[in-house]
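Peer 1: I would like the atomic coordinates for the input below:
(chains A, B and C)
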Amino acid sequence: METYTLRSRADRPAVRYKIDYAGELNQAQHEAATTLEGPVLVIAGAGSGKTRTLVYRVARLVESGVSPANVLLLTFTRKAAEEMLARAATLVGASCERVAGGTFHSFANTVLRRLGRQIGLEPNFTILDRSDSEDVVALLRSRAGLDRKERRFPRKNTILEIVSMAVNRSVTVPEVVEASYGHLVEHLDDLLRLADAYGRYKRERNLADYDDLLVHLRDLVRGSPEVASHLSRTYRYIMVDEYQDTNLLQAEIVRGLAAEHDNVMAVGDDSQSIYSFRGATFRNIMEFPQLFPGARIIKLEENYRSTQPILDLANAVIDRAVEKHTKTLRARVEGGSPPLLAQCADEQSQSRFVTQRILELREEGVPLSDIAVLFRSSFHSFDLELELSRADIPFVKRGGFKFIETAHVKDVLAHLRIVANPRDAVSWHRVLLLLDGLGPRTAEDLLGHVTGAAYLQAATEVLEAYPRRGPYTKELKHLAALLREIAVEGLPPGEKVARVVAFYTPMLRHLHRDDFPKREKDLEHFITIASRYRSLASLLSDMALEPPSDSVGDVLAAGDEDDGLLTLSTIHSAKGLEWQAVFVLWLVDGRFPSYHNLHDTEEMEEERRLLYVSVTRAKRHLHLSYPIDIYDRTTGMVLGKPSRFLEGLPGHILSETQVIEEVDTR
DNA sequence: TACAAGTAAGTTTTT
DNA sequence: CTTACTTGTA
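Peer 2: Alright, predicted model coming up:
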């Protein structure tokens, strides 16, 4: 038969992009943003436009015709994901907001609510936060009779640290004890029994702690080929930000999710790995090419954030790291002067120095919202907070204690969690103890009956029919009525919270006679937060995974924002952020680096990276400060030596100054 | 026996 | 300010 040839359609348009990718990104960024298929590792130095690159890559994917629903963006906080997607949306359209995004934990939560049954997890499981987990451990410990004082058995906090460390580092409990808790070796058998009981307890009551979310998701993608393949086909393009702060479990999850396509872009900076206490390891970055053979590696080294003198300090700090990884930041921003190192007589003087400099900066036109004060530990800012209030400088504090972790908010939450998961013994326990005359013994007896009930209705009937008599008999009936009331499907979450608060307020007043007004305000605030939600389930998940970090003070202060709020933050919570002016407090050996980590090289290296992260948050103005001759009561040490990370730096890197008192000449 | 209230000490970083 | 332990009370 003869043939007739159709000519190829030369005029068929290749995808036409609205965005000029080559023009708006530098060469390395462009390569990263436009490489869509296959594994890619992006080593992104601080301020190198990593976020910008990710945003453009999302846009590129969408412009190339990939459905947003097939893209997964895993970030360190949900806020980071939201911001990136919003920016991508302004580039190519609102559909970008349909990209799946969030933290590993929140992603795991979503998937497990849908598919958890495969591994024996009911969809209404309750997420335990750290203090919930501690409650469980305390209960199990006393049940096992391990709280008798002759044994000097470790505290619940320590027990959980060990168990959690084992999970996140993917090692066994004995290995953790041997490596980091040598003094507890004699208790190893009991620890193992307790760890075992803890796992069983959670399984029986449909509870999951933070670690479980990751473990379950890992098991899901590893244990069941159909589920893995289903997920892998849903999420055809995966991006993981802050890869240096992922742990082995998370790497396994990524590996499993990408099983069908290998389309993974991991972005990170080994010099900014600061979460090893959570099991994170920058080895994940190093080993990415082994996990994904054929991975393309792209380095972003040009810094668009800071002036060269600031980067000189950053480079000098990280240059002395034991394991250094070949990356030198080069500034694209002109000018700048060396960072200031201020020696202060005492803590007061440091606080006043910072306050005064902030006021000067504001005079010079730097808005408060573009200034931050960073510190190693949350409590390092207490004195400064007083000084700032005196000077009428409004601020928000990130990191440290959150409003959601206060006892009264947790009490209210516990009622709602019972409704969501009637088997949640932790919340039952908490709620029952609130009743007058009802203590741990009675609560446990009641729990035996209550959590056997499959439905809330049955559980409330148990409360009403409880045979033992006490001052609490009537209150149990009230509680039962409340729980039934807020279990009604159609009632909006805000209203549910309001009813619990109404029920709880008399107890609050009784429990906290001295300071209940402050706490009542927190609860009102909580009602407001809750009314933003459509479903109780999403409210509860968010409160566990992405709790609002604001406190009552912040809400009030936010009213008068002429030039915004000053930020106070732990270094950990400052990750990924930037400001025109940055202050770093307490650069004293023993505080920063923290005395906890003085003995261990690995941990000392992490402290060094923490300083690197702090320094690279600053765009133009950087102030480091330290008080001298501080007597630290908890350790009995006199802290007087500047941080070892600043020792022996070339003279021109820092400009050193001594803060002195004005001489009163009146 | 079970609960409440009072006293003495310990506090990194976070999902 | 919270937690663990001690003492006091019904």
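Peer 1: what comes up buried for the lengthiest helix in chain A?
Peer 2: For chain A, the helix that runs over the most residues, judged by DSSP state H, is helix A:493-511. Neighbour counts over helix A:493-511 (16 or more other C-beta atoms under 10 Å) mark A:493, A:494, A:496, A:497, A:498, A:500, A:501, A:503, A:504, A:505, A:507, A:508 as buried. Where you see a C-beta, it was placed from the backbone N, CA and C, and this is true even at glycine.
Peer 1: take those and write them to a markdown table, including distance to DNA strand B and pLDDT.
Peer 2: What follows is these, written out as a markdown table (distance: C-beta to the nearest atom of the strand, whole Å; pLDDT from 0 to 100):
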| residue | distance to DNA strand B | pLDDT |
| --- | --- | --- |
| A:493 | 21 | 93 |
| A:494 | 24 | 93 |
| A:496 | 24 | 94 |
| A:497 | 21 | 94 |
| A:498 | 26 | 95 |
| A:500 | 20 | 94 |
| A:501 | 21 | 92 |
| A:503 | 18 | 91 |
| A:504 | 16 | 90 |
| A:505 | 18 | 88 |
| A:507 | 11 | 84 |
| A:508 | 14 | 83 |
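Peer 1: residue A:295: which of those is nearest?
Peer 2: Nearest to residue A:295 among those is residue A:493, at 43.9 Å by C-beta to C-beta.
Peer 1: tell me the helix or strand right after the longest helix of chain A.
Peer 2: Remark: after helix A:493-511, the chain's next helix or strand is helix A:516-530, criterion DSSP states H and E.
Peer 1: which positions in stretch A:138-158 come out as buried?
Peer 2: A:138, A:139, A:140, A:141, A:146, A:153, A:154, A:156.
Peer 1: gap between the two ends of it?
Peer 2: 11 Å (C-alpha to C-alpha, to the nearest Å).
Peer 1: and stretch A:90-109, by the same measure?
Peer 2: From start residue to end residue, stretch A:90-109 stretches across 28 Å - C-alpha to C-alpha.
Peer 1: average pLDDT for it?
Peer 2: The average pLDDT for stretch A:90-109 rounds to 90.
Peer 1: DNA strand C contacts on chain A?
Peer 2: Within chain A, the positions near DNA strand C by C-beta under 7 Å from any atom of the strand are A:131, A:134, A:138, A:147, A:149, A:155, A:156, A:157, A:406, A:407.
Peer 1: following the chain onward from the lowest-mean-pLDDT helix or strand in chain A, which element is next?
Peer 2: Within chain A, no helix or strand scores below helix A:552-557, which has a mean of 42 by mean pLDDT, DSSP states H and E. Toward the C-terminal end, the helix or strand that comes next after helix A:552-557 (DSSP H and E) is strand A:566-570.
Peer 1: need the next SSE after that next one, C-terminal direction.
Peer 2: strand A:579-584.
Peer 1: can you pull up the most central residue in chain A?
Peer 2: residue A:77 (6.2 Å; C-alpha atoms, centre = their mean).
Peer 1: list the contacts of that residue.
Peer 2: Residues near residue A:77 by C-beta atoms under 8 Å, 6 or more residues apart in numbering: A:103, A:546, A:576.
Peer 1: for the helix or strand hosting residue A:265, C-alpha coordinates in CSV please.
Peer 2: Element membership for residue A:265 (DSSP H and E) is strand A:264-268. The C-alpha trace of strand A:264-268 is given here as CSV (Å, rounded to 0.1, in the frame of the first residue of the first chain):
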residue,chain,number,x,y,z
VAL,A,264,11.1,15.4,44.2
MET,A,265,12.7,18.7,44.8
ALA,A,266,14.4,19.0,48.2
VAL,A,267,15.6,22.4,49.2
GLY,A,268,17.8,23.1,52.2
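Peer 1: packing partners for it?
Peer 2: For strand A:264-268, the packing partners by 3 or more C-beta pairs under 8 Å, 6 or more residues apart in numbering; DSSP states H and E come out as strand A:40-44, helix A:50-63, strand A:237-240, helix A:283-291.
Peer 1: and residue A:193, how far is that from residue A:541?
Peer 2: Using C-beta to C-beta, to the nearest Å, we find residue A:193 at a distance of 31 Å from residue A:541.
Peer 1: comparing those two, which residue is more hemmed in?
Peer 2: residue A:541 (20 against 13; other C-beta atoms under 10 Å).
Peer 1: quick check: the closest residue in space to that one that isn't next to it in sequence vs DNA strand B, distance?
Peer 2: Leaving out its chain neighbours, the residue that sits closest to residue A:541 by C-beta to C-beta, 6 or more residues apart in numbering is residue A:109, at 5.5 Å. From residue A:109 across to DNA strand B, the span is 9 Å (C-beta to the nearest atom of the strand, to the nearest Å).
Peer 1: as a quick check, tell me the outermost residue of chain A.
Peer 2: residue A:1 (69.4 Å).
Peer 1: pull up the gap between that residue and residue A:7, please.
Peer 2: 20 Å.
Peer 1: over to residue A:466?
Peer 2: According to C-beta to C-beta, residue A:466 stands 86 Å off from residue A:7.
Peer 1: with residue A:233 instead?
Peer 2: Counting by C-beta to C-beta, the gap from residue A:233 to residue A:7 is 36 Å.
Peer 1: for residue A:627, same thing?
Peer 2: 80 Å.
Peer 1: can you check residue A:209 too?
Peer 2: 64 Å.
Peer 1: ok, these two, which is more surrounded?
Peer 2: residue A:209 (24 against 5).
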